[in-house]
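In: The following comprises the amino acid sequence and a computationally predicted model.
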Amino acid sequence: MNRPTQERKYKVVLLIPPNLEGIENAQAILQQVLDMLNSHRLPPGMRFADEVTAELEVAHDIHTVSGRIKKEKDLALVIACGFEESALKKFVHVCERNNVQFCNAADIPMDNRQTTEEQAEQLGDDPYVIPVKFLTPEEVSARRHQLPGHNISKAFLTAEIPASPEVMEDRVNWLLGLLALGVMQAHHHKSSHL
């Protein structure tokens with residue numbers, strides 16, 4: 001017998017300084033991605049489970065969000081953008097202890113997918129193949145020092161919204177996976193601990 005599913009509304013918090021350049025762009029692109037993930041009745045694509053929706057909130061203070069994480073059970077994902085990693089170290093542990101997913105939008109390259117000419121010839125024009133760049137030992141070492149959780153380029157959020165639909169689609173697709181994974185991981189954990 002199937003249990004009736006209970007609708008669950010979650011919050012995705014964009015934690016961003018109020019004076020950071022590109023804040024409007026970050027809000028706009030994240031809202032576009034959440035609108036797509038919340039649209040259960042549109043043609044096939046990446047979506048939240050039918051009973052899950054999420055809304056975007058913007059916050060500017062690490063301590064306030066940290067307090068909310070400890071009290072509110074509907075926070076699923078925090079995306080920090082524009083903060084020094086040293087200011088986020090304790091905050092990340094608050095997220096982990098309370099099963100809130102964390103992503104840091106840091107000053108890293110927006111697209112580190114690179115291919116050699118030979119790899120590009122092998123890939124051809126197949127739109128379903130994502131070229132991969134294998135990390136050098138130096139890059140692996142540098143990534144060990146990143147904050148736990150997901151790390152994406154700050155430019156994915158704050159860069160101007162491109163006029164080209166193809167460029168915008170690429171940014172949206174990268175963020176679709178991040179938000180879908182973050183919210184659904186939180187949902188599965190919180191649902192199993194009801």
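Out: Arrived safely, thanks for sending.
In: lowest average confidence, helix or strand, in this protein?
Out: Least confident helix or strand, the chain: helix 117-123 with a mean of 48, by mean pLDDT, DSSP states H and E.
In: Which strands and helices lie in contact with the lengthiest helix in the chain?
Out: Criterion DSSP state H: the longest helix present in the chain is helix 165-192. Where contact means 3 or more C-beta pairs under 8 Å, 6 or more residues apart in numbering; DSSP states H and E, helix 165-192 is packed against strand 8-15, helix 23-38, strand 52-59, strand 75-81, strand 101-106, strand 150-153, helix 154-158. In short, each C-beta sits where N, CA and C put it, glycine included.
In: avg pLDDT for the fifth one?
Out: Same thing as strand 101-106. Average pLDDT, strand 101-106: 88.
In: Mind giving me the packing neighbours of it?
Out: With contacts taken as 3+ C-beta pairs under 8 Å, 6+ apart, strand 101-106 sits against strand 75-81, helix 85-97, strand 150-153, helix 154-158, helix 165-192.
In: So which of these is nearest Ile108?
Out: Smallest distance to Ile108 across the helices and strands packed on strand 101-106 (C-beta to C-beta): 5.1 Å, for strand 150-153.
In: Lowest mean pLDDT across the helices and strands packed on helix 165-192, which one is that?
Out: Among those, strand 150-153 scores lowest, with a mean of 79.
In: and that strand, what does it pack onto?
Out: Counting by 3+ C-beta pairs under 8 Å, 6+ apart, the packing neighbours recorded for strand 150-153 are strand 101-106, helix 165-192.
In: now, of those, which is deepest in the fold?
Out: strand 101-106 (a mean of 23; mean count of other C-beta atoms under 10 Å).
In: who are the neighbours in contact with Phe156?
Out: Listed by C-beta atoms under 8 Å, 6 or more residues apart in numbering, the contact set of Phe156 reads Ile29, Ala105, Met110, Arg171, Trp174, Leu175.
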